[in-house]
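In: Take a look and give me a structure for this.
(chains A and B)
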Amino acid sequence: MDQDAFREPAAAQSISNAIAKEAQGRPMVFMEVCGTHTMAIARHGIAALLPENIRLISGPGCPVCVTPNSFIDRAVALARLPDTVIATFGDMMKVPGSSSSLDREHALGRDIRVVASTLEALKLARKSPGKQVIFLGVGFETTAPTVAVSLMEAQKSGVGNYSVLCGHKRMPPPMEALSSGEVRIDGYLCPGHVSAIIGSEAYRFIPERFRIGCVVSGFEPLDILQSILMLVRQVRSGRCSVEVEYARVVRPAGNEKALGILSAAFETCDSEWRGLGNIRGSGFKIRKTLAAHDANRFQVRVEPPREAEGCLCGKVLKGLVQPTECRHFGKSCTPDFPVGPCMVSTEGTCAAYYKYHLK
Amino acid sequence: MKAPRQWACGESSVCEKTVRGVRLPRGLSRGWRTQKDSAMCLAIPMKVVEIHGDTGEVETGGVRQEAGFQLLADVKIGDYVIVHAGFAIQKLDEAEALETLALFNELKKAN
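Out: Take a look at the predicted model:
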């Protein structure tokens, strides 16, 4: 299938015209809660194709960005243990913790490896029998099942030196918190690949309880424009429901096999989000049956968390401020020298603003 | 907290060989991290070309890579799947994709 068909300029212009016509000058605010959407919107210049009355804001959709300092600090403390290897996705390396980062610990000689999948981390554990390999589990419902598979395989094949430091989070609870929060939201662009796992039905409570429309969107420019048009139509007609634009991948019930594996390895728990605080039932923790692979069994002293002075990442994640309103943005905080996580991740709102000059 | 200038590397030229006097481990260079940076949430459609039990190979644009099929039921060679962090997480429904494209075409004609 030709992906270019989802990027055709003439069709983009037509959808853009339809949005301007149908919105009829009414102010609308739509929030995307997926880092890949944030990046795609910036990269394809979607905002420039929208009329002035439609504003897009970014929510807590970047997993690295919402991970609190306390998690990074624990990972750093674990990296300092003898005979320990930390395995992580590359995004986590530069994220500043309270006083250090994985990148810094690596430069100081700790064994920290970047892997592309959990199976690579598991292989690493098999090849390093004298060492404890700890994978940093960060991400939403898209990534969590891949970590669940590695935990089940480690248990099944008796890889005793493989553990996961679990920082996984669930997307619907923060959307619930934001829906009754301080920012007015007229519609959500729901994350495509989180929804591939959890299904579009998972958002049903949002239109029902908060009267806010939801459209599950794909990642190509036409997908995003079409989803915005669908949201505009919902607002205009006064109805609100969950619609799926990304129907080629997202089913109402999601991926049932992946959900089964997810719940076999994890149970829900309260979880702390950067900027949003502690949200009930918003996290995953490793089930007791897999406790032998839970990195929380290692006793380490973790420093008390400290936030970077003046960093507005917390407010950016709630859609309260634009990155350019932060005094660090583009000055003391750049992708090379980040102060806050939203500038580090390839999916962070500040990184998107910086890269595509949305000043 | 002050911006951690001394230990940022990868895409900058600040720390080629040493960081605060500590020699960088071998292999830490410009491309060391960037290749795998996008592992976190980038999921793209790829074609299944080989299956060996729970794992196999997927391909897009002539690039092949290993993928886990543990999260999907009934994967067949020739299926298009969304691959995320090394795992196929969902199958691509071609009929739905064509329907979406038809919708775009309708809008184009209407304008």
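In: Surely A:Val321 is within a strand?
Out: No: A:Val321 is assigned coil when assessed by DSSP: H, G, I helix; E, B strand; the rest coil, not a strand.
In: quick one: furthest residue from the center of chain A?
Out: Relative to the centre of chain A, the most outlying C-alpha is that of A:Gly130, 33.7 Å out, by C-alpha atoms, centre = their mean.
In: In the chain, what residue spans correspond to strands?
Out: Went with chain A since none was named. Along chain A, counting by DSSP state E, strands occupy A:28-32, A:54-58, A:84-88, A:111-114, A:132-137, A:162-166, A:187-190, A:213-216, A:242-244, A:266-273, A:277-286.
In: Let me rephrase: I mean chain B.
Out: With DSSP E as the criterion, chain B has strands spanning B:18-19, B:22-23, B:43-52, B:55-60, B:63-68, B:80-84, B:87-91.
In: now those strands as TSV including distance to chain A, mean pLDDT and mean neighbour count?
Out: Using the backbone N, CA and C atoms, a C-beta is placed for each residue, glycine as well. Putting the strands of chain B into TSV (distance: least, C-beta to the nearest C-beta, whole Å; pLDDT from 0 to 100; neighbours: other C-beta atoms under 10 Å in any protein chain shown) gives the following:
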stretch	distance to chain A	mean pLDDT	mean neighbour count
strand B:18-19	4	35	15
strand B:22-23	6	38	12
strand B:43-52	5	89	17
strand B:55-60	8	94	17
strand B:63-68	6	93	17
strand B:80-84	5	94	24
strand B:87-91	4	96	26
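In: how many neighbours does B:Lys76 have?
Out: Here the number of neighbours of B:Lys76 (other C-beta atoms under 10 Å in any protein chain shown) works out to 8.
In: contacting residues for it?
Out: B:Val48, B:Ile51 (C-beta atoms under 8 Å, 6 or more residues apart in numbering or on different chains).
In: 7 Å instead?
Out: B:Val48 (C-beta atoms under 7 Å, 6 or more residues apart in numbering or on different chains).
In: can you check A:Pro173 too?
Out: Here A:Pro173 is in contact with A:Ile279, A:Arg280, A:Gly281, A:Ser282 (C-beta under 7 Å, 6+ apart).
In: Could you check stretch A:112-125 against chain B for contacts?
Out: Yes: interface with chain B: stretch A:112-125 contributes A:Val114, A:Ala116, A:Ser117, A:Leu119 (C-beta under 7 Å from any C-beta of the partner chain).
In: circling back to that earlier point, could you report the neighbour count for the closest residue to the residue farthest from the centre of chain A other than its chain neighbours?
Out: The shortest distance from A:Gly130 to any non-neighbouring residue, by C-beta to C-beta, 6 or more residues apart in numbering or on different chains, is to A:Asp83 (6.3 Å). Using other C-beta under 10 Å, A:Asp83 has 10 neighbouring residues.
In: From chain B, how far off is A:Asp83?
Out: Separation of A:Asp83 from chain B (C-beta to the nearest C-beta, to the nearest Å): 17 Å.
In: my read: that residue touches A:Pro129, true?
Out: No: between A:Asp83 and A:Pro129 no contact is recorded; they are 10.6 Å apart, counting by C-beta atoms under 7 Å.
In: what's the longest helix in chain B?
Out: For chain B, the helix reaching the highest residue count under DSSP state H is reported as helix B:94-110.
In: got the residues of the stretch 151-300 of chain A near chain B?
Out: Proximity of the stretch 151-300 of chain A to chain B, by C-beta under 7 Å from any C-beta, involves residues A:His193, A:Ala196, A:Ile197, A:Leu222, A:Gln226, A:Ala247, A:Arg248, A:Val249, A:Asn255, A:Lys257, A:Ala258, A:Ile261.
In: Model confidence at the fourth one, what's the number?
Out: Here the pLDDT value assigned to A:Leu222 is 96.
In: neighbours around it, how many?
Out: 24.
In: and it, what does it touch?
Out: A:Leu222 touches A:Phe6, A:Arg7, A:Glu8, A:Ala11, A:Ala12, A:Ile15, B:Phe104, counting by C-beta under 7 Å, 6+ apart.
In: Let me know the closest of the residues you listed to B:Val83.
Out: A:Phe6 (17.4 Å; C-beta to C-beta).
In: Double-check that closest one against A:Glu220; I have them as touching.
Out: Yes: taking contacts as C-beta under 7 Å, A:Phe6 lies within contact range of A:Glu220: 3.4 Å.
In: circling back to that earlier point, which among the contacts of A:Pro173 end up buried?
Out: A:Ile279, A:Ser282 (16 or more other C-beta atoms under 10 Å in any protein chain shown).
In: Dump the contacts of A:Pro173 to CSV, plus distance to B:Tyr80 and pLDDT.
Out: Below are the contacts of A:Pro173 laid out as CSV (distance: C-beta to C-beta, whole Å; pLDDT from 0 to 100):
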residue, distance to B:Tyr80, pLDDT
A:Ile279, 35, 96
A:Arg280, 38, 97
A:Gly281, 34, 97
A:Ser282, 32, 98
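In: now, among the contacts of A:Pro173, which is nearest to A:Gly330?
Out: A:Ile279 (30.4 Å).
In: Settle this for me: the closest one is touching A:Met175, isn't it.
Out: No: contact criterion C-beta under 7 Å: A:Ile279 and A:Met175 do not qualify, at 10.1 Å.
In: In contact with A:Gln196, which residues?
Out: One correction, residue A:196 is Ala, not Gln. Contacts of A:Ala196 by C-beta under 7 Å, 6+ apart are A:Val249, A:Val250, A:Gly254, A:Asn255, B:Ile82, B:Ile89, B:Gln90.
In: ok, now A:Phe6?
Out: Here A:Phe6 is in contact with A:Glu220, A:Leu222, A:Asp223 (C-beta under 7 Å, 6+ apart).
In: Tell me which residue of chain B lies closest to chain A.
Out: Sorted by distance to chain A under C-beta to the nearest C-beta, the residues of chain B start with B:Gly86, at 2.5 Å.
In: That residue: neighbour count?
Out: That count, for B:Gly86 with other C-beta under 10 Å as the rule, works out to 22.
In: Which member of the contacts of A:Pro173 is positioned nearest chain B?
Out: Nearest to chain B among these, with distances taken as C-beta to the nearest C-beta, is A:Ser282, at 17.7 Å.
In: Report the contact partners of the closest one.
Out: Counting by C-beta under 7 Å, 6+ apart, the residues that A:Ser282 touches are A:Lys169, A:Arg170, A:Pro173, A:Pro174, A:Asp270, A:Ser271, A:Trp273.
In: I'd like the distance between it and A:Glu182.
Out: From A:Ser282 across to A:Glu182, the span is 18 Å (C-beta to C-beta, to the nearest Å).
In: Kindly report the same for A:Ala291.
Out: 39 Å.
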